[in-house]
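**Q** below are the sequence and a predicted model for it; my questions follow.
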Amino acid sequence: MEVEETYPFLIEPLETTPSEYDEKQVEQQHAGIVNLNERFGIVFFRENEKYLISKLDKHYEIKAFRHGIFILNQLTGQVYFRSKSQKQTYPLNNKKEFGMIYDENIHLLKFTNDDPIDKIITKYSKYFAMISKNGNAYLFNMEGSKNDGLIPKHLFDNEKIVQISCGGVHVLFLTENNKLFGTGSQYDGSLSKKTEDTFYTVNDTIKIVRCDISALGGKKIKQIATTYNCSFILTQDNELYSCGSGSYAANGQKETCLIFTKIKENVEKVIAGYFFVSIKMFSGEYFIFGYNNCNQFGDVDSSLMEGNKIYGTNTKLTTFNVHDIEQLECGGYHSIIVTKNNDIYYGGSSHNNALKLPKSTGYTKVEMSKVIKNWENIKRSTKIKVETGYDFTIIYNENKKNIFNFSNAYKISDMTFDFVNY
């Protein structure tokens, strides 16, 4: 007899529309918050049905991607999955063995019972990955692959994985001993190999290659990042290296580079979008490069671009007061700024429903108070943060009491949580 699974949160149909929910307002804003008797929850819109997830404790983390959401229990390492629709037609359907089942229910990914997960990595539309608390790497190809799941550790010289970055056509893996590996497309040098061969799979076996990081001279890697077809390394000495395609100027160089090459110093953080990049300096300045075809960085002076491309790493972000920036994040065809005053601005286009807001020529303020009635109280009492990718944007506060999602990519119009102890 099969035992019915129980979860530490509820999913239930909403019989009535709460009075705080303004249909006309939501239609105008393309977002909706439900406040149900002071209890917040995720609201799923699936055809004409509405569902509420509630009683989500504060140690849970929400990760969005094109086909659904993951709910990570940070204490136990268990991961739950909820699809965007039971009418899924993507090859991701073949991932039922992992618990990614496309219906109206939330499903536990059972393999996470045996190998608890520490991090979930989602950014673009092709790959998502997980790192277990034991340092194992899991990789999933959303287009369908026989190689989905656990990557054998011997392919990483039996070392633990500490970072993964999923690009548009390739993936990077950083080990505990500063080794960098990759899989996917090596076209135009995105995997830092002195060849333009393409590595996907060989005889249905995942192909992992060692990336050439000799240019670092043994320096410790602090951060790895990827665009669609470029890769970045930021060292502990705050030096930034890049390799990959120059077709969209997103490698920070004038042309394609097959192996990692130093492009900038005194860098605090690299913020990679789909075809565009911002780098935050310790001086507080931001430099930008890559494709600005949708005004991802606002209305950049045309004299600083060649067509829609910003080449090199010497162009400063001047379309926004950088002294007022608390956080800047790059997505698919847009960027998001959170100010020191907790206001939210966006630039670019909701090309893949990542914002569900009109295209912005310059940076445009998101009028959160029109969607959330107590927004002014929320922004005064906590620090607002943002996470965004190819087709999702999540806004939350530092203690994760409220999470707001601006995407209909998986049939959620908007969401916010009230975490409770029980």
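**A** Yep, that arrived. None of these values were measured; they are calculated from a predicted model. Residues are numbered from 1 along each chain as shown.

**Q** rest of the way, CA atoms for contacts and neighbours
**A** Will do.

**Q** setting aside sequence neighbours, what's the nearest residue to Asp148?
**A** With sequence-adjacent residues excluded and distances taken as Cα to Cα, 6 or more residues apart in numbering, Asp148 is closest to Phe140, at 4.7 Å.

**Q** what do you get for Ala129?
**A** Residue nearest to Ala129 in three dimensions, not counting chain neighbours: Leu139, with 4.5 Å by Cα to Cα, 6+ apart.

**Q** so that neighbour sits right up against Ile131, yeah?
**A** No: using Cα atoms under 8 Å, Leu139 is not in contact with Ile131, being 9.0 Å away.

**Q** the two: who's more crowded?
**A** Ile131 (23 against 20; other Cα atoms under 10 Å).

**Q** if the more buried one is in a bridge, with which residues?
**A** Lys119, Ala137 (DSSP bridges).

**Q** that one against Ile120, yeah?
**A** Yes: counting by Cα under 8 Å, a contact exists between Ile131 and Ile120, whose distance comes to 6.6 Å.

**Q** returning to what we had before: so how far is Phe282 from the residue nearest to Asp148?
**A** In this view, Phe140 and Phe282 are 35 Å apart by Cα to Cα, to the nearest Å.

**Q** so which of these two has more stuff around it?
**A** In this view Phe140 and Phe282 are compared by other Cα under 10 Å, and Phe140 has more residues nearby, 19 against 13.

**Q** confirm that one sits in a helix?
**A** No: using DSSP: H, G, I helix; E, B strand; the rest coil, the secondary structure at Phe140 is strand, not a helix.

**Q** just the strands in the stretch 151-300 of the chain please.
**A** Secondary structure of the stretch 151-300 of the chain by DSSP state E, counting those that start in this stretch: the strands cover 161-166, 170-175, 180-184, 201-202, 205-206, 209-210, 221-226, 230-235, 240-244, 257-264, 267-272, 276-281, 286-291.

**Q** can you say which of the ones you listed is nearest to Glu329?
**A** Nearest to Glu329, of all the strands of the stretch 151-300 of the chain, is strand 267-272, at 6.3 Å by Cα to Cα.

**Q** which residues are contacting that closest one?
**A** Taking contacts as Cα atoms under 8 Å, 6 or more residues apart in numbering, the residues outside strand 267-272 that touch it are 223, 225-227, 232, 234, 238-240, 277-282, 328-331.

**Q** okay, how far is it across stretch 119-128, tip to tip?
**A** Terminal-residue distance, stretch 119-128 (Cα to Cα): 11 Å.

**Q** let's number from 33 now, not from 1
**A** Right, with 33 as the first residue, what we last looked at is stretch 151-160.

**Q** not counting its neighbours along the chain, what's nearest the spatially most central residue of the chain?
**A** In the chain, the centroid-proximal residue (Cα atoms, centre = their mean) is Lys155; its distance is 3.3 Å. Nearest residue to Lys155 in three dimensions, chain neighbours excluded: Gly421, at 4.6 Å (Cα to Cα, 6+ apart).

**Q** try Ile291
**A** Ser224 is the one closest to Ile291 (Cα to Cα, 6+ apart), at 4.1 Å.
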